[in-house]
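Visitor: using only what follows, build the 3D model:
(chains A and B)
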Amino acid sequence: MSGTELHSENPLREGLVGERQPEPCAMVIFGASGDLTKRKLVPALYTLARERLLPAGFAIVGVARREIPFVEQMREAVNKYARRRPVDPGLWSTFGSGISYVAGNFDDPATYERLKSHLEAVDAARGTRGNRVFYISTPPESFEPILQNLGRAGLISRSEHPWTRVIIEKPFGRDLASAEALNKVCLNVLREDQIYRIDHYLGKETVQNILVFRFANGIFEPLWNHKYIDNVQLTVAEAIGIEGRGNYYDQSGTLRDMVQNHIFQFMCLMAMEPPVAFEPNAVHDEKVKVLRALRELPSDAGSIADWTVRAQYGSGYDKGQPVPGYREETGVRPDSRTETYVALKLFVDNFRWAGVPFYVRAGKRMAKRVSEIAITFKNVPHTLFKGPSGAQLGRDPNVLALRIQPDEGINLKFLSKVPGPTIEPRPVTMDFRYGSSFGTEPPEAYERLLLDCMLGDSTLFTRGDEVLESWRFCTRMLDGWAAADESATAALPSYEAGSWGPKEADDLLSRDGRVWRKP
Amino acid sequence: MSAPVQTQSEAGGVGEAPSSRTPESGDVRAREWQEGWAVPVDRIDAFTLGAAISVEPDRIEAELAGLWRKAAERARSEGARFSVTRACLWNLIVHSDGDEEFLRTKRLIDEVSETVPARIISLHETSESADSLGYETPDGGPPIRAFVEANFRRSGNGRREVVAEEITLEAPRMAGQRLPGLVRSLLLADVPTALLVRNPTADSAWLPRLAPEVERFIFDSARLPHAEALVQVESLLRSLYRQDSNRSLAHVDIVDLGWLRLWPWRVLVASLFDSPDAAKALREVSEIVLHHAPDGEPAALLLSGWLCGRLRLRWQATHDRRVFTLSSTAGHHVRLRVEQASVQDAPAGIERVELRCGGHMFAARLQGDTRCIALSSHLQPERVQPVHGRPDPELMVAAMGVGGRDPLMYEALRHSAQLVRGGGL
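Guide: Numbering: from 1, shown residues only, chains lettered A, B, ... in the order given. Here you go, the predicted structure:
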């Protein structure tokens, strides 16, 4: 960690190990009129203030095109979306007084001149000492002009004191070329350690717990390899559809929206080697090695279907209510070939994972909302137990399921003897539920990530080479799909809304003699 | 989950339905006649509903094994109503002195067991004499009565999950010396043992014999009858647990719930000195003033002990009852005043903490009757921070987690005892 926590000289801080308080700083949010600011960012910052985790000198500066009553809107937003509601008037008197707003176009240099003067005034009034976090929560096309204008206006300091950090929301590019171009723009004005590419899934407690589970327990890591593991299934299923975002989603699709970022991050944490330290670069190094070890998929139109399945949801029912198919959604082209479901068969070609398939699936309008990693262990080499007809008993493999959301937790399925005079093995599960085993409520992902950024800890963010490696892999897949589309006339496979996906995805596993879990 | 109830001892026999919660008040020994027991239930139903079942003290393990087995069978046949998973992360020994404290403690452990599955061994010392109970034991000594019950929690869909067990051992105070042997036999192997004694200064025969067996000793300085009891607690802990070379108690984690309540005050006072200029000013502290609610004197002294320990201040003299002169390692004198404030209700019993450093005041003060603390100094704008007290069950859960291990607590206790005693660290 780069260590910008306070109190090294303060003897009263000694022993207050649970408290991590950053140096005074101002957080400038570009795209401040957007939903993310209202629903997540400012409520998360308010909760941090409530938990005494923000520094005494702290300020929020919103930047967006329109003139809006920003402070009032943020108070309403906190009242509506903060983890602790309603707003505490006493706390708001301090927190709210640090919120301000600058209106202006992102590509207009004058906006940045005004912002610069405004921030200088904030430094004087709030004691933020020139430390800045710029949070870019805008459509991707604005990333580049914002970064360039911040640089030109002298708003980015490359020094350690005062410091500047920039958080960039996803999507970080839409293919390898665009990700490389954006990375270059970032590195023109910032050092890599000043760039915080955010993937909010990494802020979830259960995702962080993958590392603790693997590397703080003695019993699992010896089994965590091809000798004992048969296959791994990663699922990110959403019950909702595209929720009125047809224009955006039809340009994006599930691979870009879910797989390239969230699922690959899960997979890295699940598959990586132990880092030498729990320190940002050591963790990033190991994650990059996993991505580099991914076996390349064929990019020709004929073979890609052996490894990947794309599909679109058709009409069906959600909680008993009829819902339209993807191509009938507003903003979606009637002949769209954008996938709302992806299933992949991947291999991590290294010593640990040789020959172990990683089955990945993600989609919208699936049977339920669930994200999990399920590790299926190999069966015992010989079955002792037989039923009355001579059939072998006890062939159910052990499965360890790491549930990311909802009902966060871990369960282990194993066989146990049914009490009685015969030997009848039956699967039972041991459950750990994150929510009920600890007395405290886990923080929202954005609370953790915003705090980490202010503290200069990028462990739970994504480094540039990670993003590029994952795009390298996904772009090859996108190329293969594009080639297939050129020769295809039929629609993509379809699956019923509210189901677990298309038959083709089942076939992907059945060819290997396996089936998808029903999480 | 409820207070003990006598039911018929045969499995499948008909008793009375238990109330689902611990009774609010009343004589707990009359609980078998209380209202709320309208539906006849058998022994297994009583167990899965959380009612206490009377058992012979030498049959506790056997009875529990049978009850768990039969409850699991019934859960399989009536799985929609409840599930049975026997779990245990701790042995938790809880002591209560008298019926009132017993009821209060039961409500606490009902809630704790929803979060931390534990074998709870509840020691209930009563004030009655052996004769009044009408029992006679073979050795002529006063009797121990035992009850077992299940603790459960509600899952998200409202289903009862029966997860843990509670054993109540009830004995007249004069029979307290008979408890440690029985308790030792009931401790589960391979899980740590915690002992909760709200007021460890009360005279007890069993505490010195049982305390060395536990990994975590939990008490509550805010429940001490007076500030002088801090000296007794510090002395008792020293006698129970030996010290290592750093003068901390080795081999056992000491947790004070009162200390955990002080956490927000410690954080807020510390935050006044985060900037380099403020940290520098702190080295020139000349006066410390703490104001406390009427029942907050032990907390105020404990917080003073923390400041003394962190700032390397040693007691020099006591003037009025709670006015002290301290000396720093640099040799300058610091005046400490601990005063009672008019406020009745304050977070953790503290109303105000002020430190005068180099002619400037750094203060954390409760704002009126709100639960907000205003932080002020000449180095930064005033800011307001709400302080929401944590309920006792939440503190207990913290005490049984990693948050309970805090070596600074013992340092603060030693310094606070020194202030009360007047020297002799």
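
Visitor: which stretches of chain A aren't confidently modelled?
Guide: Counting by pLDDT under 70, chain A shows low-confidence ranges at A:1-8, A:17-20, A:319, A:387-394, A:434-441, A:489-491.

Visitor: what's the longest helix in it?
Guide: Counting by DSSP state H, the longest helix found in chain A is helix A:464-487.

Visitor: so how far is it from its chain's centroid?
Guide: 19 Å (C-alpha atoms, centre = their mean, to the nearest Å).

Visitor: show me which residues of the stretch 1-150 of chain B sit near chain A.
Guide: Counting by C-beta under 8 Å from any C-beta of the partner chain, the residues of the stretch 1-150 of chain B close to chain A are B:85, B:114-116. Placement of C-beta: from N, CA and C, glycine included.

Visitor: quick check: residue A:54 touching residue A:44?
Guide: No. If you go by C-beta atoms under 8 Å, residue A:54 and residue A:44 don't touch, sitting 10.6 Å apart.

Visitor: chain B contacts on the stretch 51-200 of chain A?
Guide: Residues of the stretch 51-200 of chain A lying close to chain B by C-beta under 8 Å from any C-beta are A:52, A:55-57, A:88, A:90-91, A:93-94, A:125-127.

Visitor: 6 Å instead, please
Guide: A:52, A:56, A:88, A:90-91, A:93-94, A:127 (C-beta under 6 Å from any C-beta of the partner chain).

Visitor: can you select the buried ones from these in PyMOL?
Guide: Burial among those is assessed by 16 or more other C-beta atoms under 10 Å in any protein chain shown; the matching PyMOL selection reads:
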select buried, chain A and resi 52+56+88+90+91+94+127
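
Visitor: and residue A:402, how many neighbours?
Guide: Residues near residue A:402, counting by other C-beta atoms under 10 Å in any protein chain shown, number 24.

Visitor: using the three-state scheme, assign it.
Guide: Of the three states, residue A:402 takes strand according to DSSP: H, G, I helix; E, B strand; the rest coil.

Visitor: check residue B:194 too.
Guide: Under three-state DSSP, residue B:194 falls in the strand class.

Visitor: list the contacts of it.
Guide: B:90, B:92, B:216, B:218, B:400 (C-beta atoms under 6 Å, 6 or more residues apart in numbering or on different chains).

Visitor: can you put those in CSV and add pLDDT, secondary structure and neighbour count?
Guide: Output for those, formatted as CSV (pLDDT from 0 to 100; DSSP: H, G, I helix; E, B strand; the rest coil; neighbours: other C-beta atoms under 10 Å in any protein chain shown):
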residue, pLDDT, secondary structure, neighbour count
B:90, 88, strand, 21
B:92, 95, strand, 28
B:216, 90, strand, 19
B:218, 92, strand, 25
B:400, 85, coil, 24
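
Visitor: from these, pick the one nearest chain A.
Guide: residue B:400 (8.7 Å; C-beta to the nearest C-beta).

Visitor: okay, the residue in the stretch 1-150 of chain B that chain A sits nearest to: pLDDT?
Guide: Taking C-beta to the nearest C-beta as the measure, the stretch 1-150 of chain B has residue B:115 as its residue closest to chain A, at 4.9 Å. pLDDT, residue B:115: 80.

Visitor: with just CA atoms, put the longest helix of chain A into CSV.
Guide: C-alpha atoms of helix A:464-487 as CSV (Å, rounded to 0.1, in the frame of the first residue of the first chain):
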residue,chain,number,x,y,z
GLY,A,464,-3.7,-1.6,-16.9
ASP,A,465,-2.1,-4.9,-18.0
GLU,A,466,-4.9,-6.9,-16.5
VAL,A,467,-7.4,-5.0,-18.5
LEU,A,468,-5.4,-5.3,-21.7
GLU,A,469,-4.9,-9.0,-21.2
SER,A,470,-8.6,-9.7,-20.6
TRP,A,471,-9.4,-7.6,-23.7
ARG,A,472,-6.8,-9.4,-25.7
PHE,A,473,-8.6,-12.7,-25.0
CYS,A,474,-12.1,-11.3,-25.4
THR,A,475,-11.3,-9.4,-28.6
ARG,A,476,-10.2,-12.7,-30.2
MET,A,477,-13.5,-14.2,-29.3
LEU,A,478,-15.4,-11.1,-30.6
ASP,A,479,-13.5,-11.5,-33.9
GLY,A,480,-14.5,-15.2,-34.1
TRP,A,481,-18.2,-14.2,-33.5
ALA,A,482,-18.0,-11.5,-36.1
ALA,A,483,-16.6,-14.0,-38.6
ALA,A,484,-19.4,-16.4,-37.7
ASP,A,485,-22.0,-13.6,-38.1
GLU,A,486,-20.8,-12.7,-41.6
SER,A,487,-21.7,-16.2,-42.8
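
Visitor: quick one: list the elements packing against it.
Guide: Identification of packing neighbours for helix A:464-487 by 3 or more C-beta pairs under 6 Å, 6 or more residues apart in numbering or on different chains; DSSP states H and E yields helix A:176-189, helix A:280-292.

Visitor: which of the ones you listed sits most buried?
Guide: With neighbours taken as mean count of other C-beta atoms under 10 Å in any protein chain shown, the helices and strands packed on helix A:464-487 reach their highest mean count in helix A:280-292, at a mean of 19.

Visitor: dump the residues of the stretch 51-200 of chain A next to chain B into JSON lines; add distance to residue A:411 and secondary structure as well.
Guide: Listed next are these as JSON lines, based on distance: C-beta to C-beta, whole Å; DSSP: H, G, I helix; E, B strand; the rest coil:
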{"residue": "A:52", "distance to residue A:411": "35", "secondary structure": "coil"}
{"residue": "A:56", "distance to residue A:411": "44", "secondary structure": "coil"}
{"residue": "A:88", "distance to residue A:411": "38", "secondary structure": "coil"}
{"residue": "A:90", "distance to residue A:411": "43", "secondary structure": "helix"}
{"residue": "A:91", "distance to residue A:411": "39", "secondary structure": "helix"}
{"residue": "A:93", "distance to residue A:411": "46", "secondary structure": "helix"}
{"residue": "A:94", "distance to residue A:411": "44", "secondary structure": "helix"}
{"residue": "A:127", "distance to residue A:411": "49", "secondary structure": "coil"}
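
Visitor: report the two of the residues of the stretch 51-200 of chain A next to chain B separated the most.
Guide: The largest separation in these, counting by C-beta to C-beta, is between A:88 and A:127 at 22.3 Å.

Visitor: among the residues of the stretch 1-150 of chain B next to chain A, which ones are buried?
Guide: With burial judged by 16+ other C-beta under 10 Å, the buried subset of those is B:85, B:114-116.

Visitor: for those residues, which one is nearest residue A:184?
Guide: The shortest approach to residue A:184 among those belongs to residue B:115, at 50.2 Å (C-beta to C-beta).

Visitor: wait, the closest one sits on residue B:397?
Guide: Yes. Under the criterion of C-beta atoms under 6 Å, residue B:115 is in contact with residue B:397, at a separation of 5.0 Å.

Visitor: number of nearby residues for residue A:397?
Guide: Residues near residue A:397, counting by other C-beta under 10 Å, number 17.

Visitor: tell me the SS of it?
Guide: Under three-state DSSP, residue A:397 comes out as coil.

Visitor: that one touches residue A:380, doesn't it?
Guide: No. Residue A:397 is beyond contact range of residue A:380, at 9.1 Å (criterion: C-beta under 6 Å).

Visitor: hmm, back to that, make TSV out of the helices and strands packed on helix A:464-487 and add distance to residue A:468.
Guide: Listed next are the helices and strands packed on helix A:464-487 as TSV, based on distance: least, C-beta to C-beta, whole Å:
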stretch	distance to residue A:468
helix A:176-189	6
helix A:280-292	9
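
Visitor: what's the residue nearest in space to the middle of chain A in contact with, if anything?
Guide: Nearest residue to the geometric centre of chain A (C-alpha atoms, centre = their mean): residue A:201, 2.8 Å. Contacts for residue A:201 (C-beta under 6 Å, 6+ apart) come out as A:207, A:262.
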